[in-house]
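Q: pasting the sequence and the predicted coordinates here, then a few questions.
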Amino acid sequence: MKKGLVVISGCSGGGKSTLLTELKGRGHAVVEEPGRRIISEELASGGSALPWLDLAAFLRRAIDMALADWAAAADRDGWVFFDRGLVDAASALEALTGDPVMRSLCATHRYYPRMFMAPPWPEIYASDAERKHGFDAAVTEYDRLIHAFPALGYEVIPLPKTPTMQRADFVLTSLDGAIGKDR
């Protein structure tokens, strides 16, 4: 049954990837975050399209990867959950360079009308080898995204600060109640 491509976005370190792992464990298709995949590839190849070396190149790669992910998932049945996506990368590039890519790209590559936003959650935030920025930068990113998605016509559903299994239940219940209303 066709359902939709659902974005889970928000604050870095807010539990998005953990939530996606739970949804995958429940049998749903998931698409991993473009940024983490790019960082892994760039580090392995000695590349420079890394957010701490060349943020614009990193974001352009993230846009390309998000477009490819969207195209690969567009015809799948059931819910497909994205750990971030095109809006994240395009809005970041626009904020960085002033290049107005967000509206044009995001208008033709739509996700499900409801999306989920992970709020800043300092109690679980942690830096690592791929997330070198601090919590303040993560909150700034969240502030940009909490405005970008509604500006593109998405209904933003804040994720509760609850254990992962309860968060997954919340997402699935929110979507099941939306079928028919959002179409």
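A: That came through, no problem.

Q: in this protein, which spans are strands?
A: In the chain, the segments counted as strands under DSSP state E are 2-10, 29-31, 78-83, 114-118, 155-158.

Q: can you add mean neighbour count and give those back as JSON lines?
A: C-betas here are computed from N, CA, C, even on glycine. Listed next are these as JSON lines, based on neighbours: other CB atoms under 10 Å:
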{"stretch": "strand 2-10", "mean neighbour count": "22"}
{"stretch": "strand 29-31", "mean neighbour count": "20"}
{"stretch": "strand 78-83", "mean neighbour count": "23"}
{"stretch": "strand 114-118", "mean neighbour count": "22"}
{"stretch": "strand 155-158", "mean neighbour count": "15"}
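
Q: lowest average pLDDT across these?
A: Mean pLDDT is lowest for strand 2-10 among these, at a mean of 88.

Q: and the residue nearest the centre of the chain?
A: Closest to where the C-alpha atoms of the chain average out (CA atoms, centre = their mean) is residue 84, at 1.1 Å.

Q: quick check: that residue touching residue 14?
A: No - between residue 84 and residue 14 there is no contact under CB atoms under 8 Å: 11.2 Å.

Q: what's around residue 17, how many residues?
A: For residue 17, the count of nearby residues is 17 (other CB atoms under 10 Å).

Q: I am finished for the moment; much appreciated.
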